[in-house]
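[1] Below are the sequence and a predicted model for it; my questions follow.
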Amino acid sequence: MIADLKIKENVFILGMIDRKDVFALYKRCRFVLNPSQFEGLGMSALETKVCGKYLLLSDIPAHREFAGAGCYFFSLSSCEELATKIKDLYVLKQHEIHYDYELQSRICADAFVKLFKN
């Protein structure tokens, strides 16, 4: 499909990434897409927020915990909605979100505490 849409130079499916390379990749991306159907507290979503990048998440309860600046949700049953949101995020001129890092640190810490309490 990527070849058919002629977007090969813009889409990279990476598979497993060595931990030492993860944050360098986050810094180079425009946004991170997580189309999970079943997810606990996703580490990639936390890492993406720490790097100040946009998140495009499937609209499931676990992902709703990340609601806030830079988070966009799509229905797993709507390819059209996903395509529209990808296009909207791709054309943004500002590729990073300027967070209140103290606030984000507290949110991430609270999410981790919640994870371990459950």
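    Arrived safely.
[2] alpha carbons only for contacts and neighbour counts from here, please
    OK.
[3] Quick one: mean pLDDT over the lengthiest helix in the chain.
    What stands out as the longest helix in the chain, according to DSSP state H, is helix 101-117. On average, the pLDDT along helix 101-117 is 77.
[4] Which strands or helices does it pack on?
    When contacts are defined as 3 or more CA pairs under 8 Å, 6 or more residues apart in numbering; DSSP states H and E, helix 101-117 packs onto helix 43-50.
[5] If you count contacts, what does the helix or strand that the helix it packs on is followed by end up packed against?
    The first helix or strand that comes after helix 43-50 along the chain, using DSSP states H and E, is strand 54-58. On a contact count with 3+ CA pairs under 8 Å, 6+ apart, strand 54-58 meets strand 31-34, helix 43-50, strand 71-74, helix 79-90.
[6] returning to that earlier point: can you pull the buried residues of the longest helix of the chain?
    Neighbour counts using 16 or more other CA atoms under 10 Å place 108, 111 of helix 101-117 among the buried residues.
[7] Likewise for stretch 53-72?
    53-60, 62-63, 66, 70-72.
[8] What is the distance between the worst-scoring helix or strand of the chain on mean pLDDT and the centre of its chain?
    One helix or strand of the chain scores below all others by mean pLDDT, DSSP states H and E: helix 101-117, with a mean of 77. Distance of helix 101-117 from the chain centroid (CA atoms, centre = their mean, to the nearest Å) equals 17 Å.
[9] likewise stretch 38-56?
    How far stretch 38-56 lies from its chain's middle: 5 Å, per CA atoms, centre = their mean.
[10] which residues of this structure score low on pLDDT?
    Low-confidence segments of the chain (pLDDT under 70): 40-41, 93-101, 104, 118.
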